[in-house]
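Enquirer: The following comprises the amino acid sequence and a computationally predicted model.
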Amino acid sequence: MSKKSLFNQPGVEQLVPGRDLPVAVKVTGRNLHAVGLLVSVSSETVKGRSGLGVHFEDDGSLSHILLVSDGTEQLRVNAGEYLLMGPDKAAIIAASKAEYEFYKTLAPLVVSVGAAFATLGSSIASAIGI
């Protein structure tokens with residue numbers, strides 16, 4: 001069995017170096033396969049039916065996508081915006097470029113702080129004999 005990450009695909013960006021999730025995908029015509037991957041993984045995780053609508057302008061450029069769940073439109077995302085998927089693989093959220101940049105900066109810091117507190121907690125517990 002391959003050890004390659006499902007998310008190690010063109011157009012899918014790992015937001016925390018060395019971790020599969022969270023990931024981001026910029027919504028572009030070129031990245032539609034990556035958008036479809038996130039929708040598929042989310043659908044499989046929540047065990048629910050979902051769909052992806054793709055809408056183009058009359059010049060062939062991508063206008064927007066629609067994410068559908070159980071036949072109901074859930075989210076419209078314009079070309080150039082981002083989709084983010086967290087470690088739970090269940091939710092997909094839309095983000096503007098500014099929100100994406102903020103999250104891209106914040107996610108590694110949160111993981112580092114969490115790891116530091118886990119190490120500190122283990123050291124304290126070991127020191128007091130727990």
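Expert: Happy to help now that I have it.

Enquirer: all contacts plus neighbour counts: C-alpha atoms, from now on.
Expert: Fine.

Enquirer: now stretch 17-25: how far from the chain's centre is it?
Expert: When distances are taken as Cα atoms, centre = their mean, to the nearest Å, stretch 17-25 is centred 7 Å away from the chain's centroid.

Enquirer: what comes up buried for that stretch?
Expert: Buried residues in stretch 17-25, defined by neighbour count with 16 or more other Cα atoms under 10 Å: 20-25.

Enquirer: Repeat that for stretch 28-42.
Expert: Those buried within stretch 28-42 under the rule 16+ other Cα under 10 Å are 28-29, 31-35, 37-42.

Enquirer: quick one: buried residues of the top helix by length along the chain?
Expert: Identified as the longest helix of the chain according to DSSP state H is helix 97-127. Residues of helix 97-127 classed as buried: 100, 103-104, 108 (neighbour count, 16+ other Cα under 10 Å).

Enquirer: show me what contacts the most centrally placed residue in the chain?
Expert: The residue lying closest to the centre of the chain (Cα atoms, centre = their mean) is Met85, at 2.2 Å. Going by Cα atoms under 8 Å, 6 or more residues apart in numbering, Met85 touches 21-24, 38, 91-93.

Enquirer: Go through the buried residues of helix 97-127 and say which is closest to Ala127.
Expert: Among the buried residues of helix 97-127, Pro108 lies closest to Ala127 (Cα to Cα), at 28.4 Å.

Enquirer: Helices of this structure, start to end?
Expert: Applying DSSP H to the chain gives helices spanning 32-46, 97-127.

Enquirer: Looking at the ones you listed, which is nearest to Leu15?
Expert: Judging the helices of the chain by Cα to Cα, what sits closest to Leu15 is helix 97-127, at 5.6 Å.
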